[in-house]
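**Q** Prediction below, plus the sequence it came from.
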Amino acid sequence: MLDASRLVILDRDGVINVDSDAYIKSLAEWIPYPTSIEAIARLTHAGWHVAIATNQSGIARGYYDEATLAAMHAELERQVTAAGGKIAHIAYCPHGPDDGCACRKPLPGLLEEIRAALGLESLAGSWMVGDSLRDLKAGEPLGCRPVLVRTGKGRRTEAKGEGLDKTLVFDDLAAFVDWLLGGR
């Protein structure tokens, strides 16, 4: 049985791959940070489970379709597998900010999907790693421990300083993984 305290939930854009204010609209635009794939593999090797929760409103906006998103996620999984890692589940929200869905972060719907897909009773004690406050807020009502990375929009989020009281802050995903696997 999977233990929620051995689960790391990652935002995608800005945490795993380079983000863009113009959206990541194609496989060619999906560029992982040099150390992020290896960081996910290191977590897997150490007995951790990794899931992804990502808002993808570019679908609702018509910038790309679900087949394009599937191609990006297939490449992500291919690279992680090639590095010796595994992604337990990818949950995404295809809706726009005004669609009234329950899955768009900061709402916890994507994390609830991950919880159900992994057969967990709770996500309490798991880690939620993101580059924006909305990522961290999604995990809050479910008992996730918040981690902000400075990649993507992380530096801007940190500079605002709002809502980060109990949040650990790292330069990037690899630095968080170093800390987590280093016994803290």
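**A** Nice, I can see it. Numbers count the residues shown, from 1 in each chain.
**Q** Let me know the average pLDDT across the lengthiest strand in the chain.
**A** Of all segments of type strand in the chain, defined using DSSP state E, the longest is strand 49-55. Averaging pLDDT along strand 49-55 yields 98.
**Q** so the following helix or strand past that strand versus strand 49-55, what angle?
**A** Once the chain leaves strand 49-55, the next helix or strand it forms, by DSSP states H and E, is helix 66-82. Angular relation of helix 66-82 and strand 49-55 on a 0 to 180 degree scale: 160 degrees, by axes from the mean of the first three to the mean of the last three Cα atoms, to 10 degrees.
**Q** In helix 66-82, which residues are buried?
**A** Of the residues in helix 66-82, those with enough neighbours to count as buried (16 or more other Cβ atoms under 10 Å) are 68-69, 72-73, 76, 79-80. Where you see a C-beta, it was placed from the backbone N, CA and C, and this is true even at glycine.
**Q** what mean pLDDT would you report for the following helix or strand past that helix?
**A** Tracing the chain past helix 66-82, the next element assigned as helix or strand by DSSP H and E is strand 89-93. Looking at strand 89-93 alone, the average pLDDT works out to 98.
**Q** Run through who's touching the helix or strand that comes right after strand 89-93.
**A** Next in sequence after strand 89-93, counting helices and strands by DSSP H and E, comes helix 109-117. If you take Cβ atoms under 8 Å, 6 or more residues apart in numbering as the criterion, helix 109-117 is touched by 9, 51, 53-55, 88-89, 91-93, 101-104, 121-123, 128, 138-139, 142, 144.
**Q** rerun that using 6 Å as the cut-off
**A** Helix 109-117 has contacts (Cβ atoms under 6 Å, 6 or more residues apart in numbering) with 51, 53, 89, 91, 93, 102-103, 123, 138-139, 142.
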